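Peer 1: mind looking at a prediction? Sequence and model below.
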Amino acid sequence: MNVRQFGKVAVLFGGRSAEREVSLNSGGRVLASLQRQGVDAHAFDPAVSKLDDLSAFDRAFIVLHGRYGEDGTIQGTLELMGIPYTGSGVLASALGMDKWRTKLLWRSAGLPVPDFRLLDSDSDFAAVESELALPLFVKPACEGSSIGISKVKTRGQLPMAYQQAAKHDKLVIAERAILGGEYTVAILGEQALPIIKIEPSNEFYDYDAKYLRDDTHYRCPCDLPAEREQLLREQALAAFRAIGGRGWGRVDFLIDRPASDHTSQAYFLEVNTSPGMTDHSLVPMAALAAGISYDELVLRVLSLAALG
């Protein structure tokens with residue numbers, strides 16, 4: 001690949017969201033990879049640099065996570081400036097950041113999602129606990145990296161979990177716990193990469209398990225029969241397309257515990273339109289399982305940069 005075609009590239013990382021530290025880690029690795037391969041790439045932190053300065057660049061590689069970088073905000077800025085950028089466009093980014101609206105869209109498209117309720121301070125928390133059954137998860141609708149998530153295991157805990165999530169977002173959802181296993185599908189262009197099964201050593205796949213601990217197990221190949229894995233990869237690609245996703249991303253899903261007839265249902269959980277690129281991140285793992293090195297992955301993502 002002729003890297004000169006990319007021109008001067010801004011690698012956007014850092015930012016002002018609660019996921020700043022993760023973004024700095026991801027972005028530093030992406031920047032080093034691009035520079036190692038001869039790309040004229042430069043660090044750009046929107047938290048400390050003026051956005052007007054982006055006009056000096058030909059292309060942008062977005063490695064921002066969370067608010068302002070993954071929710072359509074920076075994508076809209078780049079659209080207005082006419083600078084092609086990696087990942088999904090404005091609408092898909094905004095939808096993907098909003099777990100509640102993603103679930104509504106997927107459900108209307110016929111994709112299975114865990115049962116959920118939107119909460120506010122006036123919710124009948126006891127009724128929600130009964131309707132969804134315990135355990136259940138409570139999460140801010142528009143945060144990533146498991147920030148603000150609680151697992152409610154006993155009756156009466158839901159109000160406290162709601163208050164914790166509401167510190168991070170005014171939209172809070174309660175979601176039925178699906179306990180048979182957590183999986184993820186990385187998307188690269190029109191390709192769904194091999195599925196990874198995630199096995200955290202603690203209660204659930206929280207921030208520590210994602211970025212700080214070394215005892216989370218990642219299984220790729222996963223434990224699913226080949227025919228079912230292929231079907232789920234196709235469904236994950238359909239879920240990504242349903243929100244208008246493009247370029248690259250990641251779709252997470254859960255599988256319930258087997259029923260008495262030994263069958264189990266998969267449920268789509270959420271989409272990530274600006275995935276992590278750290279040494280603990282899932283997209284590089286899946287790419288490697290597909291024979292794609294980290295450096296090749298970075299160049300392929302950059303080559304998919306677009307407008308519109």
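Peer 2: That came through fine.
Peer 1: what's the next secondary structure element after the helix or strand bottoming out on mean pLDDT in the chain?
Peer 2: Confidence across the helices and strands of the chain bottoms out at helix 207, with a mean of 54, counting by mean pLDDT, DSSP states H and E. Using DSSP states H and E, the helix or strand that follows helix 207 in sequence is strand 217-219.
Peer 1: any idea what D252 is bridged to?
Peer 2: D252 has these beta-bridge partners by DSSP bridges: T184, E270.
Peer 1: pretty sure it sits against P275.
Peer 2: No - the criterion here is Cβ atoms under 8 Å, and D252 misses it with P275 at 10.4 Å. Every C-beta, even on glycine, is put in place using the N, C-alpha and C of the backbone.
Peer 1: out of these two, which sits in the more crowded spot?
Peer 2: Neighbour count, other Cβ atoms under 10 Å: between D252 and P275, P275 has more, with 25 against 20.
Peer 1: is it true that K170 lies in a strand?
Peer 2: No - if the criterion is DSSP: H, G, I helix; E, B strand; the rest coil, then K170 is coil and not within a strand.
Peer 1: and the gap between it and E129?
Peer 2: 22 Å (Cβ to Cβ, to the nearest Å).
Peer 1: so between those two, which is more surrounded?
Peer 2: Higher neighbour count among K170 and E129: E129, with 20 against 10, using other Cβ under 10 Å.
Peer 1: hmm, who's touching the helix or strand containing the more buried one?
Peer 2: E129 belongs to helix 125-132 when elements are defined using DSSP H and E. Helix 125-132 is contacted from outside by 115-117, 119, 136, 152, 155-156, 158-159, 162, 174-176, using Cβ atoms under 8 Å, 6 or more residues apart in numbering.
Peer 1: next, count neighbours for L54.
Peer 2: 19.
Peer 1: for Q37, same thing?
Peer 2: Residues near Q37, counting by other Cβ under 10 Å, number 15.
Peer 1: was I right about it contacting D295?
Peer 2: Yes - in this structure Q37 lies within contact range of D295 using Cβ under 8 Å: 5.8 Å.
Peer 1: so where do the strands sit in this structure?
Peer 2: 8-12, 40-44, 59-62, 116-119, 136-140, 150-152, 172-176, 182-188, 191-192, 196-199, 217-219, 248-255, 266-272 (DSSP state E).
Peer 1: and the third one, what does it pack against?
Peer 2: What it means is strand 59-62. strand 8-12, helix 73-81, helix 294-303 (3 or more Cβ pairs under 8 Å, 6 or more residues apart in numbering; DSSP states H and E).
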